[in-house]
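# Predicted structure and sequence below. I'll ask about it afterward.
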Amino acid sequence: MRWPYKDVLYTVIFGTETPAGRRFDIALIVVILLSIAVLFLDSMGSVRAQYGGLLYGLEWGFTLMFTLEYGLRVYCAQNRAAYIKSFYGIIDLLAALPTYLAIFIPGASFLMIIRLLRVLRIFRILKLMRYVDEANILLRSLNQSRRKIVVFFSTLFILVTLFGSMLYVVEGPENGFTSIPTSIYWAIVTITTVGFGDITPQTSLGRAIAAVTMLMGYAIIAVPTGIITAELGREIRREYDLRHCPQCDRSGHDRDARYCKYCGGEMEEERLKGRGTKAPL
């Protein structure tokens, strides 16, 4: 038998159009930020030594809250399997799981693993992305440009391999380029303009190759920026094109527009909202 308040729970948890849904989202954002603050404080030795018990209790309180939230989301989701396997479903699970896993890893030799599991709680901050519409646009832009970015990084890998191998031949072990992997490390540091300076070419030819590598690094930085920016612009234009006025059928409206900027008619979402439709999953 279907619980009569399941639809109401779904609208509050997954929707943002109702006052209750907005209050739930705001409360959850506050809890996430507080849990991250507790994690930061727990990483400070002096604070942990003085308030360790309090921080431990607060952490378990936040963990129970996130566990309850995850359980309610799974319960009232219209498609439970899709939610569990989705990006936000996995992040919601990671928000609570590390605290429980740390219980079942005993022994002093596993202290580093426990510390790693505790640091994994930083993934809770990714839960905030659900409440930022612009983050979804950015994710779609990255997804659309993934093939171009893969090609770019493949080309970059070839370049650093070539430059690193050339410096290994020209400079040799006596100047710090003891192996091809070490030389590739130098090429990566140089082409990304980081320049640690722990390995530097000493010969004139090596410095000439290094100069070309540095100049190429400045040119390469602009490539992924241009790719992502172009896809981001397309996604923003696509968002505008999706908003059609039901009266004059013209597009190009802002996402939060309540009335058409051409004819003044009420937007479709506002009319549907007035009829009490549910927010989508």
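Nice, thanks for sending it over.
# rest of the way, CA atoms for contacts and neighbours
Fine.
# For the helix or strand encompassing F152, buried residues please.
Assessed by DSSP states H and E, F152 sits inside helix 146-170. Using 16 or more other CA atoms under 10 Å as the test for burial, helix 146-170 gives 149, 152, 156, 159-168, 170.
# Now do the lengthiest helix in the chain against helix 146-170, angle only.
Counting by DSSP state H, the longest helix found in the chain is helix 204-242. Going by axes from the mean of the first three to the mean of the last three CA atoms, to 10 degrees, helix 204-242 is angled at 180 degrees with respect to helix 146-170.
# who does helix 204-242 touch, helix- and strand-wise?
helix 133-144, helix 146-170, helix 180-191 (3 or more CA pairs under 8 Å, 6 or more residues apart in numbering; DSSP states H and E).
# will you turn those into CSV that also has distance to S43 and mean pLDDT?
Formatted as CSV, the helices and strands packed on helix 204-242 follow (distance: least, CA to CA, whole Å; pLDDT from 0 to 100):
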stretch, distance to S43, mean pLDDT
helix 133-144, 28, 72
helix 146-170, 35, 87
helix 180-191, 30, 91
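# check contacts around the closest residue to Y185 other than its chain neighbours.
Distance criterion CA to CA, 6 or more residues apart in numbering; nearest residue to Y185, sequence neighbours excluded, is G164 at 7.5 Å. Residues in contact with G164 (CA atoms under 8 Å, 6 or more residues apart in numbering) are 180-187.
# follow-up on the earlier one: from the chain's centre, how far out does the helix holding F152 sit?
26 Å (CA atoms, centre = their mean, to the nearest Å).
# between that helix and helix 180-191, what angle do the directions make?
120 degrees.
# thinking again about what came up before, tell me how far the residue nearest to Y185 lies from V151.
G164 is 20 Å from V151, where distance means CA to CA, to the nearest Å.
# What is the burial count for P224?
15 (other CA atoms under 10 Å).
# Look at it and report its pLDDT.
The model reports P224 with a pLDDT of 73.
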